[in-house]
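[1] Below are the sequence and a predicted model for it; my questions follow.
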Amino acid sequence: QVQLVESGGGLVQAGGSLRLSCAASGRTVSSYGMGWFRQAPGKEREFVAGISWGGRTINYGDSVKGRFTISRDNAKNTVYLQMDSLKPEDTAVYYCACSRKRSFDSTKADYWGQGTQVTVSS
């Protein structure tokens, strides 16, 4: 089993930045794909970003391309999401996710964190 714990969420003004972290425990995730999803109130869950086990393959949702950057540190069993140029529409609960495959599927995951709230004020 893999446990995922997110941190770094909070309240920020539009145009600002936040960096989310996701620490994995239970086993090493260095051979697993990792990623982030988000869900705003009344909306469906949305894929944000995914990174393959070695970091060579990275994908982003269309709404965050050019503003968000995903990265991972396998030595620390941690994945990050750097969010820049934040907009009010980025407000959501952000969930870290892990796939038992080496790639990351933008539609599903095997393990999920509890989520961290990101609120962007206008």
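    Cool, got the structure. Numbers count the residues shown, from 1 in each chain.

[2] so Tyr94 makes contact with Arg45?
    No - contact status for Tyr94 versus Arg45: not in contact, 10.7 Å apart, counting by C-beta atoms under 8 Å. Bear in mind the C-beta positions are built from the backbone N, C-alpha and C, glycine included.

[3] Overlap in contacts, the two.
    Listed contacts common to Tyr94 and Arg45 are 37-38; contacts here mean C-beta atoms under 8 Å, 6 or more residues apart in numbering.

[4] Tell me which of those two has more neighbours.
    Tyr94 (23 against 14; other C-beta atoms under 10 Å).

[5] Mind listing the residues bridging to the more buried one?
    With DSSP bridges applied, the residues forming beta bridges to Tyr94 are Arg38, Thr116.

[6] List the contacts of it.
    6, 9, 20, 36-38, 48, 81, 115-118.

[7] for the residue sitting nearest the centre point of the chain, helix, strand, or coil?
    Residue closest to the average C-alpha location in the chain (C-alpha atoms, centre = their mean): Trp36, at 2.6 Å. Under DSSP: H, G, I helix; E, B strand; the rest coil, the three-state class of Trp36 is strand.

[8] Now it. Nearest residue, chain neighbours left out?
    Val48 (4.2 Å; C-beta to C-beta, 6 or more residues apart in numbering).

[9] the strands in the chain, which residues?
    3-7, 10-13, 18-25, 34-39, 46-51, 58-60, 68-73, 78-83, 92-98, 111-112, 116-121 (DSSP state E).

[10] Looking at those, which one is packed in the most?
    strand 34-39 (a mean of 25; mean count of other C-beta atoms under 10 Å).

[11] Can you name every helix or strand that that one contacts?
    Using 3 or more C-beta pairs under 8 Å, 6 or more residues apart in numbering; DSSP states H and E, the elements in contact with strand 34-39 are strand 18-25, strand 46-51, strand 68-73, strand 78-83, strand 92-98.

[12] name the helices or strands packed onto the first one?
    Counting contacts by 3+ C-beta pairs under 8 Å, 6+ apart, strand 18-25 packs against strand 3-7, strand 34-39, strand 78-83, strand 92-98, strand 116-121.
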